[in-house]
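Trainee: Kindly return the folded structure for what I paste below:
(chains A and B)
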Amino acid sequence: MSMGMSKPQYQLTLAGENALMLYFDQRIDPAISALVQQACELIRAELAADLIDVLPSYASVLVMFNPLRTDHFRVQAQLKHSMTQLQNSDSRSGKQVELPVYYSEESGPDLALIAQTKNISIDEVIQRHQAVSYRVYAIGFAPGFAYLGEVDPILQMPRLATPRAKVPRGAVAIADRQTAVYPAQSPGGWNLIGLCPTRMFNPEQTPAMPVSVGDEVRFVAIDKAEFLRLGGELQGAGL
Amino acid sequence: MSGFEVIAAGVLSLLQDNGRFGQNALGLTTGGAMDAPSARWANRLLGNDNNATLIECSVGGLQLRANSSSYIAVTGAELPLSINGNSAELWAVHKVQPGDVIELGMVNQGLRAYLAVAGGFAVTPQFGSVSTVLREGIGGLKGNKLQTGDFLAAQPVNQLPRLSLPLAYRPQFNRVLTLRLVEGYQADSFPSTERQRFYLNSYKVTPQADRMGYKLAGTAIRSQQSQLLSEGICYGAVQIPPDGQPIVLLNDRQTLGGYPKIGSVLSLDCALLAQAVAGTELYFTPISPEQAHNALCLAKVRTDAITSQLVSL
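Mentor: Purely as a prediction, here's the structure:
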């Protein structure tokens, strides 16, 4: 990765009456994600109280402002000014988070399917999932749902043809090159490989999430006893 | 404790305020009153804070019993309102006494009515807002819609001017809508012929319309871009999925999405759309961001001017 030589490129586009989109190179890449993270911090500092919300994703930032306090002209000028401070830098600036996972056929009903499809053992699926440090690229779909990338190409699996009506809270899942932990019970079409006892979204706690965009996540295998000791539940997981 | 008891919750009654802001990065949506101008009128008539907690009653059927002296106002959709069986005017402040029963009938114009009480309902906010988002289980009373037997705390109030909004200033629902749209996002990926078709032809509201978004049916339009990295979705964004039928994304929208968007509907018009029932005909018309900004500022000036002229009954 180039270090600070070329200025990062971006594109500023209208989104709505009080919203602008900041686009970086449209690809899933840790360096792009690091720019997104930096841009969010600069925008929060520059727009301060004129801001309604800032929403980062893989390679873009949605900026929403209060139209009764400011306007498009002023916000565009402020954004352009903020972006002059943007630097290509070390992409690993977020915090490191370890998430324990109880991988098993009991807790991960699609493990066997992945192993069979890829012609590898279940143990190898589990090993390969743990071998990578994942980046939090985006949070969305549901409160606390963190999109982590990228999964070992060998483990890449399409979404299920028919989504499950009920995926339990804590389900660790794979879809294409991404992996995630379901923060709450919901319908879902990702391939389930285990259960994580850590709450990904807890409205009663501050912060409500153990991770934010830009953080690095590693999964660490635990056994059933440890999973239960950490407060994990198999009964009611409905698998 | 002073307040109101829910005798009947009606079809869908939710505690709301202006919405939950600054929490999109956690994946939390905005929520808030779907017809914000009507909701704000209910609070204004009562002299409440602009963000005071009120009830959004969709379709109707809500019944409350007061257990202390207070004042109420109901705005938004047109429906029969009665207090102890006596018909009461909408868009107006009414006094209620302990034991009084407030009853909202079924809507006959529009979809969502707003019931506010003097001082607002006292509800503990979550992530800075009381707005109930059922999909997330956040806000309201334990993330739920109102249910029979719920108790809504409110301060007793014994003196308040009986203001009402003159008929001429009340919004008209159940008509053909023209939704003003600021082009943006992937607008350039829609060829000009597709954009012309989008603005020249009418669309109809389908039954797939809820607090997340309104799916429309009409002339299909196509983007030249099909694959998109998921990105932030703002209020009023018009998403065009592969079937070419637009979806206007509203208060409870998912925060991220990967379908192309042609732009976003002006918030003032989103509020009218939120009152539209299935079958309502509508057109889109493009406006510049400057026109949008003017419209918002003028709406604020107009509301303030009307408020200063209100007289007590």
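Trainee: switch to C-alpha atoms for all contacts and neighbour counts from now on
Mentor: Will do.
Trainee: May I see the buried residues of stretch A:64-77?
Mentor: A:64-65, A:67, A:71-72, A:75 (16 or more other CA atoms under 10 Å in any protein chain shown).
Trainee: what does stretch B:124-142 give?
Mentor: B:125-127, B:129-134, B:136, B:138-141.
Trainee: model confidence over it, on average?
Mentor: Averaged over stretch B:124-142, pLDDT sits at 96.
Trainee: Now for residue 210, how many residues are close by?
Mentor: As the question left the chain open, I've gone with chain A. By other CA atoms under 10 Å in any protein chain shown, the residues close to residue A:210 number 18.
Trainee: could you do chain B instead?
Mentor: Neighbour tally, residue B:210, other CA under 10 Å: 15.
Trainee: which residue sits closest to the residue of chain A positioned farthest from its centre, ignoring its sequence neighbours?
Mentor: What lies farthest from the middle of chain A is residue A:68; by CA atoms, centre = their mean that is 32.8 Å. Nearest in space to residue A:68, with sequence neighbours left out and distances taken as CA to CA, 6 or more residues apart in numbering or on different chains, is residue B:297 at 6.6 Å.
Trainee: export the strand or helix carrying the one you found as PDB, just CAs?
Mentor: Element membership of residue B:297, judged by DSSP states H and E, is helix B:289-309. Extracted in PDB, the C-alpha atoms of helix B:289-309 (Å, rounded to 0.1, in the frame of the first residue of the first chain):
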ATOM      1  CA  PRO B 289     -31.300  21.000  -3.800                       C
ATOM      2  CA  GLU B 290     -31.800  24.800  -3.600                       C
ATOM      3  CA  GLN B 291     -35.500  24.500  -4.200                       C
ATOM      4  CA  ALA B 292     -35.700  21.700  -1.500                       C
ATOM      5  CA  HIS B 293     -33.800  23.900   0.900                       C
ATOM      6  CA  ASN B 294     -36.200  26.800   0.200                       C
ATOM      7  CA  ALA B 295     -39.200  24.600   0.700                       C
ATOM      8  CA  LEU B 296     -38.000  23.400   4.100                       C
ATOM      9  CA  CYS B 297     -37.200  26.900   5.300                       C
ATOM     10  CA  LEU B 298     -40.500  28.300   4.100                       C
ATOM     11  CA  ALA B 299     -42.400  25.500   5.700                       C
ATOM     12  CA  LYS B 300     -40.700  26.400   9.000                       C
ATOM     13  CA  VAL B 301     -41.500  30.100   8.600                       C
ATOM     14  CA  ARG B 302     -45.100  29.300   7.700                       C
ATOM     15  CA  THR B 303     -45.600  27.000  10.700                       C
ATOM     16  CA  ASP B 304     -44.100  29.600  13.000                       C
ATOM     17  CA  ALA B 305     -46.300  32.400  11.500                       C
ATOM     18  CA  ILE B 306     -49.500  30.300  11.900                       C
ATOM     19  CA  THR B 307     -48.600  29.300  15.400                       C
ATOM     20  CA  SER B 308     -48.200  33.000  16.400                       C
ATOM     21  CA  GLN B 309     -51.700  33.700  15.100                       C
END
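Trainee: Just the buried residues of that helix, please?
Mentor: Residues of helix B:289-309 classed as buried: B:289, B:292-293, B:295-296, B:307 (neighbour count, 16+ other CA under 10 Å).
Trainee: Specify the local secondary structure of the residue farthest from the centre of chain A.
Mentor: Of the three states, residue A:68 takes coil under DSSP: H, G, I helix; E, B strand; the rest coil.
Trainee: For chain A, spot the helix or strand the model is least confident about on average.
Mentor: strand A:186-188 (a mean of 88; mean pLDDT, DSSP states H and E).
Trainee: ok, then the element right after that strand?
Mentor: strand A:191-195.
Trainee: strand partners of the helix or strand just after that next one, parallel vs antiparallel please.
Mentor: Remark: after strand A:191-195, the chain's next helix or strand is strand A:216-221, criterion DSSP H and E. Here strand A:216-221 has these sheet partners by DSSP bridges: strand A:96-103 (parallel), strand A:134-139 (antiparallel).
Trainee: If you drop the residues flanking it in sequence, what lies closest to residue A:140?
Mentor: residue B:27 (4.2 Å).
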